[in-house]
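# task: produce atomic coordinates for the following.
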Amino acid sequence: MTHPEPAPDVLCHPFGEPHLLDLDHRYAGLRDTAGLRRVEVGGLGEAWLCSRYADVRRILTDSRFGLTPPAPAAAPAAAPAAAPAPAVCPSSEGAAPAGARSAAALTSDQVNRLTRGGLKPRRIERLRGRTETIADDLLDRLEPVGRSATDLMAGFVKPLAAEVLCELLDVPAGDRTDVRARLLGGASTASPPAEAEKQDRRALAHHLADLIAARAAAGASADDLLSTMVRARADAGDDLTLAVLTDRQLVTAALRLLLPGLQNTVLMLANFLRALMHHRSDLERLGRHPDLVPSAVEELIRFTPFHSTSTFPRYASEDVEIGGTLIRRGEVTVGALCAANRDERAFAHPDTFDIGRDDNAHLGFGMGAHHCPGAALARMQLQVAIGALARRVDDLHIAPAAVAGSVHDGEGRVIGWFDPLSATWSAIRP
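Predicted structure coming up:
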């Protein structure tokens, strides 16, 4: 067993800037090296890096790894005046009164339990037809053939993602123009957020507060996301972790789901379209065989290191052995999803892009308690968008470009950002 002492050659992580299709060669080397690797992560300090599929899957599914550090040990009995310190909570704004939590102190578990009813795959599938209509309408509005190159990000990718969220929320028609703009403005990748982004988030919070109040007053009987959140609170019974939540906390939970979800969907679709430019025959094949679109989306998620070089950091709540390495209580682990998704132990011919791949248990949306709550929504949107483009747009070309932006979020992840997506085509079919 490897003892968790920092090695003298601690690596800096992430490894360089994100690339569209290629992984840093060090990941393959680390997968073949015994034990985990000690790395220095900006904003976190030293952490243990997992790069093998089995190890990353383990930290995603083992309940002893959490998103927040474990609470410090209780004070000794000889000093009763010193109470145990509370567990660190992300973006906490201070201690909350007994029986309640501040809006900013909502846990990930609370957010997931509030929102999962409105994100069930069967409920999301009901949005598919409307999403297809939105995608087709956006394609109909694109510039005619023969004009200068069109920004596909502004004309298709972003408005599709924002409008689908309006459908999910059942935003009234008269409010949609403003809500779409606020969603896109509030989901900026700027760090720290600019003042305009903060204003958009505040305005969006006001919209959501009004909608939640209206849904609660109407009995919250509809299937939209906000109604299901109101029902989850009302049906919580003696479960005070949900029952005592205020409308403001429901707004916070919705924002914590919607804004990262919107950003991730935009990032994924933009990167996938750029990736398909390197696999043009596959894009044309999808136009002829739309039944391959779902497996193509899964392969794009597995193969394209579009979004991050690692998961969110996970903290060990007790001593745990992973991949032959002892992780001490309180130590940080990060899982390299991109490396795990190219592990030859888990995937046949992992460096081959195969849109017909059958066995594709990738980790792109996490797993277990850390599975992305919006995975079904993201999958549906990606399938509809890529299917519509493959079916209707002839000879699609997106101008070659390096990653337009690289956002380091301070938690071991690097985001590849393409904006704009300058595109041309020969025809858009009915």
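# and the pLDDT for the most centrally placed residue in the chain?
Against the mean C-alpha coordinate of the chain, by CA atoms, centre = their mean, the closest residue is Asn264 at 4.8 Å. Predicted confidence (pLDDT) at Asn264: the value is 90.
# surely it and Ala378 touch.
Yes: counting by CB atoms under 8 Å, a contact exists between Asn264 and Ala378, whose distance comes to 6.7 Å. (C-beta placed from N, C-alpha, C; glycine too.)
# about what we covered before: the residue nearest to the centre of the chain and Ile59, how far apart?
Between Asn264 and Ile59 the distance, using CB to CB, to the nearest Å, works out to 20 Å.
# can you check Ile322 too?
7 Å.
# quick check: neighbours shared by the two?
Cys50, Thr333 (CB atoms under 8 Å, 6 or more residues apart in numbering).
# hang on, isn't Ala203 packed against Arg182?
Yes: Ala203 lies in contact with Arg182 (CB under 8 Å); the separation is 5.0 Å.
# what's the helix or strand for the residue nearest to the centre of the chain?
If you go by DSSP states H and E, Asn264 is part of helix 247-276.
# Val164 in helix, strand or coil?
Using DSSP: H, G, I helix; E, B strand; the rest coil, the three-state assignment for Val164 comes out as helix.
# correction: Gly117
Taken by three-state DSSP, the conformation at Gly117 corresponds to helix.
# and the helix or strand that Ala205 is a member of, average pLDDT?
With secondary structure defined by DSSP H and E, Ala205 is part of helix 195-217. The average of the pLDDT scores along helix 195-217 is 96.
# residues in contact with it: which ones?
Taking contacts as CB under 8 Å, 6+ apart, the residues outside helix 195-217 that touch it are 169, 171, 175, 178-179, 181-183, 185-186, 188, 190, 193, 222, 224, 226-227, 229-230, 247-248, 250-251, 254-255, 259.
# can you say which of those residues are buried?
Buried positions within the contacts of helix 195-217, assessed by neighbour count (16 or more other CB atoms under 10 Å), are 169, 171, 179, 182-183, 185-186, 188, 224, 226-227, 229-230, 247, 250-251, 254-255, 259.
# ok, Thr333 - contacts?
Contact analysis of Thr333 by CB under 8 Å, 6+ apart lists 36, 47-50, 59, 65, 313-316, 322, 327.
# got any ranges where the stretch 201-350 of the chain has weak pLDDT?
Along the stretch 201-350 of the chain, segments meeting pLDDT under 70 span 306-311.
# same thing but 80
Within the stretch 201-350 of the chain, the set of residues satisfying pLDDT under 80 comprises 306-312.
# likewise the stretch 51-200 of the chain?
73-105, 144-148, 188-193.
# which stretches in it count as strands?
Under the criterion DSSP state E, counting those that start in this stretch, the stretch 51-200 of the chain contains strands at 65-66, 150-151.
# out of those, indicate the one that is most buried.
Per-residue neighbour counts averaged over each of the strands of the stretch 51-200 of the chain give the maximum for strand 65-66, namely a mean of 22 (mean count of other CB atoms under 10 Å).
# identify the residues contacting that strand?
Contacts made with strand 65-66 from outside it, assessed by CB under 8 Å, 6+ apart, are listed as Ile59, Arg314, Tyr315, Ala316, Ser317, Val320, Thr333.
# just checking, which of the residues you listed belong to helices?
Where the contacts of strand 65-66 overlap with helices, as defined by DSSP state H, the overlap consists of Ile59.
# tabulate the contacts of strand 65-66 (a markdown table), appending distance to Ala218.
Formatted as a markdown table, these follow (distance: CB to CB, whole Å):
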| residue | distance to Ala218 |
| --- | --- |
| Ile59 | 43 |
| Arg314 | 40 |
| Tyr315 | 42 |
| Ala316 | 46 |
| Ser317 | 42 |
| Val320 | 47 |
| Thr333 | 45 |
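# and which of the contacts of strand 65-66 is nearest His362?
Ile59 (15.8 Å; CB to CB).
# count residues in the vicinity of the closest one, would you?
26 (other CB atoms under 10 Å).
# with Ala361 instead?
Neighbour count of Ala361, defined by other CB under 10 Å: 12.
# and it, how far is that from Leu396?
When distances are taken as CB to CB, Ala361 and Leu396 turn out to be 30 Å apart.
# same question, Leu421
When distance is defined by CB to CB, Leu421 is 11 Å away from Leu396.
# which one of the two is surrounded by more residues?
Taking Leu421 and Leu396 together and counting by other CB under 10 Å, Leu421 has the greater number of neighbours (24 against 21).
# how about that one, phi and psi?
In terms of degrees, to the nearest 10, the main-chain angles of Leu421 are phi -110, psi 90.
# and it, what does it touch?
Neighbour list for Leu421: Asp151, Leu152, Met153, Val157, Ala270, Leu273, Arg274, Ile398, Ala399 [criterion: CB under 8 Å, 6+ apart].
# neighbours of the fourth one, how many?
It stands for Val157. 25.
# how about the closest residue in space to it that isn't next to it in sequence, what does it touch?
Leaving aside its sequence neighbours, Val157 sits nearest to Leu269 (CB to CB, 6 or more residues apart in numbering; 5.1 Å). Remark: with contacts taken as CB under 8 Å, 6+ apart, Leu269 is in contact with Val157, Leu160, Ala161, Gln381, Leu382, Ala385, Ile386.
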